[in-house]
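Asks: give me coordinates for this.
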Amino acid sequence: MVETPWGPLGYVTYKRTYARRLNENNANSKTEEFENTVDRIVKASDKQLKVGFSSEEEKRLKEILLGLKGSVAGRFMWQLGTKTIDRLGLMSLQNCAFTVVNEPVRPFTWAMDALMLGSGVGYNIQREYVYELPKLKRKVRIVRKDTNDADFIVPDSREGWVKLLRKTLESHFITGEGFTYSTICVRGKGTPIKGFGGVASGPEELCWGIREISKLLNSRAGKKARPIDCLDIMNIIGYIVVAGNVRRSAQIAIGDYDDIQYLEAKRWDLGIPNWRAMSNNSVVCNDITLLPEQFWEGYNGNGEPYGLINLKLSREIGRTGDTNYPDPDVAGYNPCAEQSLAPFETCCLAEIHLPNIESQEELIEVAIYLYRISKHSLALPCHAKETEDIVHKNMRMGIGITGYCMATEEQQSWLEETYKELREFDVHYSKEKRFPPSIKLTTVKPSGTLSLLSGVTPGAHPGYSHYHIRRIRMASDSALVQVCKQNGYKVEFQRNFDGSDDTNTVVVEFPCKFPENTVVSKDMKALEQLELVKKLQTEWSDNSVSVTIYYRKEELDGIKEWLNSNYNDNLKTVSFLLHSEHGFDQAPLEEIDRQKYEDMVKSVKPITNCEVNEEDIKGSFECATGACPIK
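Replies: Now for the predicted structure:
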């Protein structure tokens, strides 16, 4: 049996995030250990995905997964082998989703549906799309009336919640007629949710969100909705979805680079509603010289820096300079901005733990195993017809690498040849299995949760620092929270933007360190990080390279100069974060010195064995920034 090389937080992260009940029909059943999870994945690859691994291939796949040389997506790890896949198909396994807001109803209801299934959602709210929406009708009254004679009784299901949103939007945009609705069928707060895990939020947050959306649209009665309005509607939808504490609502909003109202949407100093925390925000910029000065306001500490998305380049090439794989239908990205997507498209991810790979041959082998699982998952049916059509056409996936800044130069040098081998394999395998070839195959994502399993640096990021605090969010009533307290870890409620406590969620602090030979961010200037993105976009990723560039204020002029020379032809996406004193309360990572690390370690006992209930498991995130969900 292969011994799993857990990182410092690997085991507790696994138990918190991926361990299902051994007996799904017994609420008191113990949860899986990693060997059980790997067995479930391998069996489901045959029974549900129809990959067709031989017995020898299954044995080797188990070695790869147990040895943390490669990982299927966290969503696969959580859900493969369950009835959820049989019932929901394609979208239940997809990490990434995207739409454009050019219709008054479907983009919003599709986004809510995808978010409730655990997918991160990107949406394009550029003016060219939003202005296709019709004018709002007159003011309408949408009233909660918890009786049997309400116009609409909300079913206790994902579909029921989405239908209430649809009826609300139709009232404002299409009919101009209000209605009453009843939530008497919606299960109460705290009721366990089967399938995805977690507990129900009850109807209150749903009703709050419908009320806020209606209030916003009534304020625009007789006028056109603006991009900022569409942003707020999507963010409120995200707030509704996350309220159940089952999953984080991961979103990226993509707007115009010269939409000043949009650029100021995350200026904390100007005052913003709490729901705007639900999205990362970026702008479409195909020519860096056109950026207005207002874009840089958030980079001076007054708000949250916006990312940059080069749609022109994303449509023209795969890897830098490679025009053999154009992507003309791309209109945006997923929340972590590593996967370019067409409207209503979704895609799946996988991960190679590069420091654990022993040879060029093994890297190719691991990549092909992950490719085969991903490819067959993309052939599943989908309840959303427009999504099934585009996914089956493009077969887009993102096989990523993590731990790049802990890998040796030799390991790093294997990437370019591995990509070529993977492309060649896709041609033959797609023909053999009668699949369309994949429009994109590889990626580099921020990679938070999966990297924690093996304890490597996330994606292509340098280590945050040699010594740091890692903060992990959990459901307040999780049994794992009690284990953390008993073992001496600091636990506190998550705080909202306005300083109030979110009592549904706690933040647990873990002292961590990276090996001394690890490249860490304080030793890597912003321009060096940008050069690394450029290198990986050339050698490995035919999607995008998603790396958050940590910078200091004094580096801004150099960053602007570098972007002026390199951005247009070399970067598909890029985002930035102020390295320290960034103003984020309870940030996912906090740099500390060696003494504080040693003091913290003395007061805690490492968690090497624990038991959690499936209902305690709160959805977590594959991205280092806490942006993308896995289930």
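
Asks: name the residues that touch stretch 48-57?
Replies: Here stretch 48-57 makes contact (CB atoms under 8 Å, 6 or more residues apart in numbering) with 42, 45-46, 61, 80-81, 85-86, 369, 372-373, 376-377, 380. No exception for glycine: its C-beta is placed from N, CA and C like everyone else's.

Asks: that should have said stretch 129-136, apologies.
Replies: Stretch 129-136 is contacted by residues 100-104, 172-174, 217, 220-227, 230 when judged by CB under 8 Å, 6+ apart.

Asks: let's see it at 6 Å
Replies: Identification of contacts with stretch 129-136 by CB atoms under 6 Å, 6 or more residues apart in numbering yields 100-102, 104, 172-173, 217, 220-221, 224-225, 227, 230.

Asks: ok, now stretch 502-516?
Replies: Contacting residues not belonging to stretch 502-516 are listed as 8-9, 245, 463, 466-474, 476, 481, 484, 489-494, 496, 586, 597, 600-601 [CB under 6 Å, 6+ apart].

Asks: now do the buried residues in that stretch.
Replies: Burial within stretch 502-516, assessed by neighbour count using 16 or more other CB atoms under 10 Å, is assigned to 502, 504-514.

Asks: will you turn the residues you listed into CSV that also has pLDDT, distance to residue 386 and secondary structure?
Replies: Formatted as CSV, the buried residues of stretch 502-516 follow (pLDDT from 0 to 100; distance: CB to CB, whole Å; DSSP: H, G, I helix; E, B strand; the rest coil):
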residue, pLDDT, distance to residue 386, secondary structure
502, 91, 35, strand
504, 89, 33, strand
505, 91, 34, strand
506, 93, 39, strand
507, 93, 38, strand
508, 92, 40, strand
509, 93, 43, strand
510, 91, 42, strand
511, 92, 47, strand
512, 90, 43, strand
513, 88, 47, strand
514, 86, 44, coil
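
Asks: out of these, give me the two with the largest separation.
Replies: Comparing every pair within these by CB to CB identifies 504 and 514 as the most remote, at 31.7 Å.

Asks: re earlier: could the buried residues of stretch 502-516 go into a markdown table alongside distance to residue 453?
Replies: Shown next, in a markdown table, are these (distance: CB to CB, whole Å):
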| residue | distance to residue 453 |
| --- | --- |
| 502 | 27 |
| 504 | 26 |
| 505 | 22 |
| 506 | 22 |
| 507 | 20 |
| 508 | 17 |
| 509 | 19 |
| 510 | 14 |
| 511 | 18 |
| 512 | 14 |
| 513 | 17 |
| 514 | 15 |
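
Asks: which of those residues sits closest to residue 300?
Replies: Top of the list for closeness to residue 300, among these and by CB to CB, is residue 507 at 27.1 Å.

Asks: from residue 590, how far out is the closest one?
Replies: Shown here: residue 507 relative to residue 590, a distance of 11 Å by CB to CB, to the nearest Å.

Asks: so where's the stretch 101-250 of the chain uncertain?
Replies: Counting by pLDDT under 70, the ranges of the stretch 101-250 of the chain that qualify are 190, 192-200, 243-248.

Asks: my bad, the stretch 451-600 of the chain
Replies: Across the stretch 451-600 of the chain, residues meeting the criterion (pLDDT under 70) sit at 579-584.

Asks: got the CA coordinates for whichever strand or helix holds residue 60 in CSV?
Replies: Using DSSP states H and E, the secondary-structure element containing residue 60 is helix 55-66. Presented in CSV, the C-alpha positions along helix 55-66 are these (Å, rounded to 0.1, in the frame of the first residue of the first chain):
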residue,chain,number,x,y,z
SER,A,55,-7.2,-4.0,-13.9
GLU,A,56,-3.5,-3.1,-14.2
GLU,A,57,-4.4,0.5,-15.0
GLU,A,58,-6.7,0.7,-12.0
LYS,A,59,-3.9,-0.5,-9.8
ARG,A,60,-1.5,2.2,-11.2
LEU,A,61,-4.2,4.9,-10.9
LYS,A,62,-4.6,4.1,-7.2
GLU,A,63,-0.9,4.4,-6.7
ILE,A,64,-0.9,7.8,-8.4
LEU,A,65,-3.9,9.1,-6.4
LEU,A,66,-2.7,7.7,-3.0
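
Asks: per-residue confidence averaged over it?
Replies: Helix 55-66 comes out with an average pLDDT of 98.

Asks: now do that helix: distance to the chain's middle.
Replies: What separates the centre of helix 55-66 from the centre of its chain is 27 Å, taken as CA atoms, centre = their mean, to the nearest Å.

Asks: state the next helix or strand along the chain beyond it.
Replies: Once helix 55-66 ends, the next helix or strand along the chain (criterion: DSSP H and E) is strand 70-72.

Asks: helices or strands up against that following strand?
Replies: Contacts defined by 3 or more CB pairs under 6 Å, 6 or more residues apart in numbering; DSSP states H and E place strand 70-72 against strand 346-353, helix 360-377.
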